[in-house]
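# Quick one: sequence and predicted model below, then my questions.
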Amino acid sequence: MKLSGVELRRVRMPLVAPFRTSFGTQSERELLLVRAVTPAGEGWGECVAMEAPLYSSEYNDAAEHVLRNHLIPALLAAEDVTAHKVTPLLAKFKGQRMAKGALEMAVLDAELRAHDRSFAAELGSTRDSVACGVSVGIMDSIPHLLDVVGGYLDEGYVRIKLKIEPGWDVEPVRRVRERFGDDVLLQVDANTAYTLDDAPLLARLDPFGLLLIEQPLEEEDVLGHAELAKRIRTPICLDESIVSAKAAADAIKLGACQIVNIKPGRVGGYLEARRVHDVCAAHGVAVWCGGMIETGLGRAANVALASLPGFTLPGDTSASGRFYRTDITEPFVLNAGHLPVPAGPGLGVTPIPGLLDEVTTEKAWIGS
Ligand SMILES: CSCC[C@@H](NC(=O)CCC(=O)O)C(=O)O
Ligand SMILES: [Mg+2]
């Protein structure tokens, strides 16, 4: 099917509270939305890049530029664009996985809506709801952290993830364990903040029965993670390092990770995310769905992905209210620690026009 055109929207949404990680603090989420228009209908995609290249090398201005000047023109020139053809059609362009993933997501949404088929059905969902974890930022004090964690547990979240960095690691974990006990599912995420020299420090987390430690070392340091895995007992989960199904297979074979955080935008789209799931399943490696502070559009697709059989650990698929007072779609609301898997065609949700316009800062149409 010929692609008629693509609308790019830059949106800016305030967060309910500042979110601090080892690479910075953000109080709002600026992101790029993609609306693909085809003769059969339209679909939505969400680019998960951040405002600056702090989580990974991609960032919004670059994603917008590469979409406008390279990726969208390549699809407009193609005679037949289907979701499964997007990656091959864009393969000549190096990297740009988040930008490519947003475009593929929009084409996939358009295609599935036209066929009255849900993301969940297309991806291979086996559940109609998913257990949800929540990501807790670095706080200004331990008492504040304990209040926030207690609040999320009261809301019903089934797993707590604490952001850590040198100087905020063993003590917060110890105090959360002390206050909430050993049965709470607890994990940490370093966002590459440590080096192999920190192995003795990271080994001090071993007594706390963490589910995993996420991405302690640099994205490229796969062998470093394999060495670290020999020096600590806590299972290592990779996030930033896993940019494709091949990267996942290599990391697993090298012993660099025992668990994988799957983020569709980081690997170039939901179809590659399913391939990462399949590779991990083939190696007996558990996966869970990571988050990039998505709007209800990306959240809907992530919840669908998280309902595949290999997603055996609670993901960062929290409710809309974790980050946003008002989402641009009907909000995702936690029910007994779970979110329902959208069953409608495509994403199963669409932006609410008035709410979307309120947070839109720029709009551009590329196409006929
Ligand atoms: C701005 S933080 C984005 C990356 C981070 N994501 C989260 O901590 C979860 C955020 C969410 O729940 O969407 C991660 O490295 O896993
Ligand atoms: Mg992470």
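Great, that's in hand. Because the structure is predicted, anything quoted here is derived from the model rather than measured. Ligands and ions are numbered 1, 2, ... in the order given.
# switch to C-alpha atoms for all contacts and neighbour counts from now on
Fine.
# Can you name the residues of the stretch 151-300 of the chain that neighbour ligand 1?
By C-alpha under 6 Å from any ligand atom, the residues of the stretch 151-300 of the chain that approach ligand 1 are 191, 290, 291, 292, 293, 294.
# Format the residues you listed as TSV; extra columns: pLDDT.
Shown next, in TSV, are those (pLDDT from 0 to 100):
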residue	pLDDT
191	98
290	98
291	98
292	98
293	98
294	98
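# Report the two of these separated the most.
191 and 294 (17.9 Å; C-alpha to C-alpha).
# Between the two, which has more neighbouring residues?
For residue 191 versus residue 294, neighbours defined as other C-alpha atoms under 10 Å are more numerous around residue 191 (25 against 22).
# Surely the more buried one is in contact with residue 213?
No - taking contacts as C-alpha atoms under 8 Å, residue 191 lies outside contact range of residue 213: 9.9 Å.
# Make sure residue 343 is actually in contact with residue 120.
Yes - between residue 343 and residue 120 there is a contact under C-alpha under 8 Å: 7.1 Å.
# Which other helices and strands does the strand ranked longest in the chain contact?
With residue count as the measure and DSSP state E as the assignment, the chain has strand 5-21 as its longest strand. Judged by 3 or more C-alpha pairs under 8 Å, 6 or more residues apart in numbering; DSSP states H and E, the packing partners of strand 5-21 are strand 24-38, helix 353-359, strand 360-367.
# Neighbouring strands - and their directions - for that strand?
If you go by DSSP bridges, strand 5-21 pairs up with strand 24-38 (antiparallel), strand 360-367 (antiparallel).
# contacting residues around the first one?
Spelled out, it's strand 24-38. By C-alpha atoms under 8 Å, 6 or more residues apart in numbering, the residues outside strand 24-38 that reach it are 1-20, 42-51, 54, 60, 64, 102-103, 106-107, 110, 293.
# same thing but at 7 Å, please
Strand 24-38 has contacts (C-alpha atoms under 7 Å, 6 or more residues apart in numbering) with 2-15, 17-20, 42-51, 60, 102-103, 106-107.
# go on, the last one?
In this structure, residues lying in contact with strand 360-367 by C-alpha under 7 Å, 6+ apart are 4, 5, 6, 7, 8, 9, 10, 11, 12.
# hmm, try it at 6 Å
Applying C-alpha atoms under 6 Å, 6 or more residues apart in numbering, the contact partners of strand 360-367 are 5, 6, 7, 8, 9, 10, 11.
# Which of the residues you listed ranks first by neighbour count?
With neighbours taken as other C-alpha under 10 Å, the top of the contacts of strand 360-367 is residue 6, carrying 28 neighbours.
# who's in contact with that one?
35, 36, 37, 365, 366.
# how close does the residue nearest to residue 243 when sequence neighbours are not counted sit to residue 196?
When the adjacent residues along the chain are set aside, residue 243 lies closest to residue 267, with 4.5 Å between them (C-alpha to C-alpha, 6 or more residues apart in numbering). Applying C-alpha to C-alpha, to the nearest Å, the value for residue 267 to residue 196 is 25 Å.
# So those two - more neighbours on which side?
Legend: neighbour count by other C-alpha under 10 Å for residue 267 and residue 196, higher for residue 267 (27 against 17).
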